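# Below is the sequence, then the predicted model.
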Amino acid sequence: MELLSTLNPQQRDAVLTTEGPVLILAGAGSGKTRVITVRIAYLIAEKDVAPHNILAVTFTNKAAGEMRERVEQLLAGQKLQSAPLVTTFHSFCVRVLRRDIEALDEGYKKSFTIYDTDDSIKVIKAALKDIGFDEKQLAPRTILSAISNAKNRGENFDDFASKIEFTDERRQAISRVYKIYEERLRNANALDFDDLLIMTVRLLRNNPEIRDKYNDRFKYILVDEYQDTNPLQFSLIGYLTEKQQNICVVGDDAQSIYRFRQADIRNILDFEQHYPKAKVVLLEQNYRSTQTILDVAHAIIENNVEQKKKKLWTSNPGGEKILYFQALDGDGEARFVASQVDELRRRDPRKRIAILYRTNAQSRLFEEALRRYRIEYNIVGGFSFYERAEIKDVISYLKVALNPFDDIALLRVVNTPPRGIGKTTLDEVSRRARSSGASLWETTAVITDLEHKEGINLTPRAIEALRRFKSTIESLAQKIADAGQSDRPVSESVVAAIEDSGYAAMLRAENSDESAARLENLEELVNAAVDYDKQEADGLRDFIDHAALTSDTDKYDRNAAVTMMTVHSAKGLEFPVVFLVGLEDGIFPHSRSINDPKELEEERRLAYVAITRAETLLYVTHSMRRRVYGEEMAAEPSQFLNEMPLDMIRDLSRGQSWLSFAKGGKARSSQYAVSALRGENRESSKPKNLYTGKTYNSSEAIAEFFKKKSIEQPKPSEPKALTGFDKLRAQASQGPNPTASNKAFVPGAHVRHPKYGKGLVLRREGSGDNVKLTVSFPGFGQKKLIEKYANLEPA
DNA sequence: AAGTAAATTTTTTTT
DNA sequence: AAATTTACTT
């Protein structure tokens, strides 16, 4: 049996146990993907399982693509009637919903649209405006992540709302926005990323026949990176495997790095409780890295409390020491990395090298440095092709044509290119849409079809503009429908959206470098559609779904010489040489994780993932100064550096470094940082505030900030005549002050108004009798009040 | 209504 | 520093 010949006994065990639940605990580099792919091939080739009865689920398209490819390789030469379904959670759900969502009977139609994060944010902004809550008080992103977190925990709106205390204005606002958000999406026949999972789970839960259907279809189910599943994904798997229980999950609790997406590590830790008959296979032999690299990774992860003790081993040679470099600033770090890459490439041009960082924003310096060295690189993540404005615009045309209820897509294209439908017109259409509960499209139709135009606050010119827009969309929709009927290629419809909308004409007329680049991107989109036609030919709908669910992370080129990406994106990949850069407190571990022990542990797992990507050579670098928001800050070496066995690290820094101090044992890292900074200050006199990682940007944090301030600053000494500067200062520092007389309604204060009830003061302008307050009253919106007449009470 | 200048914010990580 | 949002001009 040649399929199994490359496997060790444990791996073979994992493949041969085809029936019943199997948990494969696979350490980094232990051949996990090999086991899954061989298992699929084995089921087909040796167990005569029909390929279409097999489902393998991953988290990223990248992983799915890789797996698909390797299964194909293993089965090369075999004639198969069907193919196993290897896909992501989200794509799988779309597939199910496109077929069966109408059985849910919740008003959703098969033509539903998928909203990406951008679209969701727009809905939230609009909702915030409607309830009269200031965006500055509550960032739309915060609300979206609150909603998304709730959804991914498997809660519905009522669960969420019931947990809110009446005193908490912000959470109440979130709850109200949540409600509106759900309504808007439903009206638009749109689902966000999380809804895709929610609706699928609901469909399977409520509908036994459909559940049965998919149970019979997918007799063997495999889940990759199981440690990253969240409660929704967990129940999805549960329903899908109800009948057969032929579930095989692969994962590594040490590599769980998606807690922020509500991934629950207990899903993998408690697998044996959920499936008592589960067979557990441990893969502990690492085939990827040198012993040194494994030792370093192990030394770091050992600092985690919540950790299953296990130790990877390898028969690989000990290998080189870890290489360390301390730079003076971010530029120096990038220069060092580029020079090393240059040298490595010169010695072996085929050696694959990765530069891994914690956040996408760090990529820029490395891009510039590599470009200066004329080194070609491949960058994964960051700006996605499908996120470019022109691409989203054209896709939105197609989305509106397919689902005219999609308000967000409609708003995106209604005046691009300019058609004379401006803010005034749109405000009027939106207002009417909201009061009638109809979509913008329906409202537009009503307005343009009406015989008598009385009562419509629109100029004839605006109405005519709307009419022309409407017919543009209608003829595009007609074209697409015809194309669908006659099996014409998707690319034709894409071209129609670009040309018939006037979009291409607009760009051609602009005739600038930028518009030329945009036109090129649109050509790329057409090319993507042509490629798509060649492969799947599953209709325009599917092409658009693909665009929504594909990020740039997926177009990773396995053979590229130099790849740059975040550590998250690097999971599942391996490289002979890895540069792990920006190892500074506040960056890695990230400042937002530093205060929560649970999150710090996740950062540590992330470091573990990063280190174990390396096969033979690992570089770790950090810089003493770092630019944050355009401001230069001092940076301390990451605590993770300190957790590495120092004798396994070789110092490549010029002169004295943190490492040389740490090795000498003379100074602790923080003391070192201080002395190093002193040295720095000689050449550049810029004051360097120590970057503690704490940022004051949420309003709780701001409240905390003020609290601290008021404690630190003793009460003002006896009233003196304030002069110029002091006066300004006095005005500027009027923050919420509980000890002050309750008469002052300052921003952040809760007040009660005789008519509007409880409200939140947003702004205070003027002085004396002319104090104007901007107050947000839930249910009434923002009101501007003159303090003297408003008759406000503290609440 | 549309384009430009000024002000403000932004950075976790991803489907 | 760069990108996005808002304010202001024509």
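That came in fine, so what should we check first?

# How about the contacts made by the closest residue to A:Arg352 other than its chain neighbours?
Closest residue to A:Arg352 apart from its sequence neighbours, by CB to CB, 6 or more residues apart in numbering: A:Phe575 at 5.1 Å. C-beta here means a position set from N, CA and C on the backbone, and glycine is covered the same way. Contact analysis of A:Phe575 by CB atoms under 8 Å, 6 or more residues apart in numbering lists A:Arg352, A:Ile353, A:Ala354, A:Thr563, A:Arg613, A:Ala614, A:Glu615.

# And the strands in the stretch 151-300 of chain A, which stretches?
Under the criterion DSSP state E, counting those that start in this stretch, strands of the stretch 151-300 of chain A are mapped to A:190-192, A:220-223, A:247-251, A:279-283.

# Please identify the pairing partners of the last one and their relative orientation?
According to DSSP bridges, strand A:279-283 forms sheet pairs with strand A:22-26 (parallel).

# follow-up on the earlier one: with the contacts of A:Phe575 in mind, which one is nearest to A:Ala401?
Set against A:Ala401, the nearest of the contacts of A:Phe575 by CB to CB is A:Thr563 (37.6 Å).

# So the closest one lies in a strand, does it not?
Yes: under DSSP: H, G, I helix; E, B strand; the rest coil, A:Thr563 falls within a strand.

# My guess is it contacts A:Gly381. True?
No: in this structure, A:Thr563 is not within contact of A:Gly381 by CB atoms under 8 Å, at 10.5 Å.

# More neighbours: the two, which one.
The neighbour comparison of A:Thr563 against A:Gly381 (other CB atoms under 10 Å) goes to A:Thr563, with 23 against 19.

# Show the model's pLDDT score for the more buried one.
A:Thr563 is assigned 92 on the pLDDT scale.

# Name whatever forms a beta bridge with it.
A:Thr563 has these beta-bridge partners by DSSP bridges: A:Ala354, A:Asn378.

# Closest one of the contacts of A:Phe575 to A:Glu523?
A:Thr563 (25.7 Å).

# roughly how far apart are the closest one and A:Tyr377?
When distance is defined by CB to CB, to the nearest Å, A:Thr563 is 7 Å away from A:Tyr377.

# Now do the shared contacts for these two.
A:Ile355.

# how many neighbours does the residue of the stretch 151-300 of chain A at minimum distance from DNA strand C have?
Of all residues in the stretch 151-300 of chain A, the one sitting closest to DNA strand C is A:Val177 (16.1 Å; CB to the nearest atom of the strand). Each residue near A:Val177 was counted by other CB under 10 Å, and the total is 25.

# how about the strand or helix carrying A:Ser475: buried residues?
Using DSSP states H and E, A:Ser475 falls within helix A:460-485. Judged by neighbour count using 16 or more other CB atoms under 10 Å, the buried positions of helix A:460-485 are A:462-463, A:465-466, A:469-470, A:472-473, A:476-477, A:479-480, A:483.

# got it, and stretch A:528-541?
For stretch A:528-541, the neighbour count (16+ other CB under 10 Å) marks A:Ala528, A:Ala529, A:Tyr532, A:Asp533, A:Gly539, A:Leu540, A:Arg541 as buried.

# what is the rounded mean pLDDT of that stretch?
82.

# Other residues contacting that stretch?
With contact meaning CB under 8 Å, 6+ apart, stretch A:528-541 is reached by A:98, A:111, A:398, A:402, A:480, A:483-484, A:487, A:489-491, A:493-494, A:542-543, A:546.

# Straight-line length of that stretch, end to end?
14 Å (CA to CA, to the nearest Å).

# quick one on the thing from earlier: now for the strands of the stretch 151-300 of chain A, which one comes closest to A:Leu128?
When the strands of the stretch 151-300 of chain A are compared by CB to CB, strand A:190-192 sits nearest A:Leu128, at 16.6 Å.
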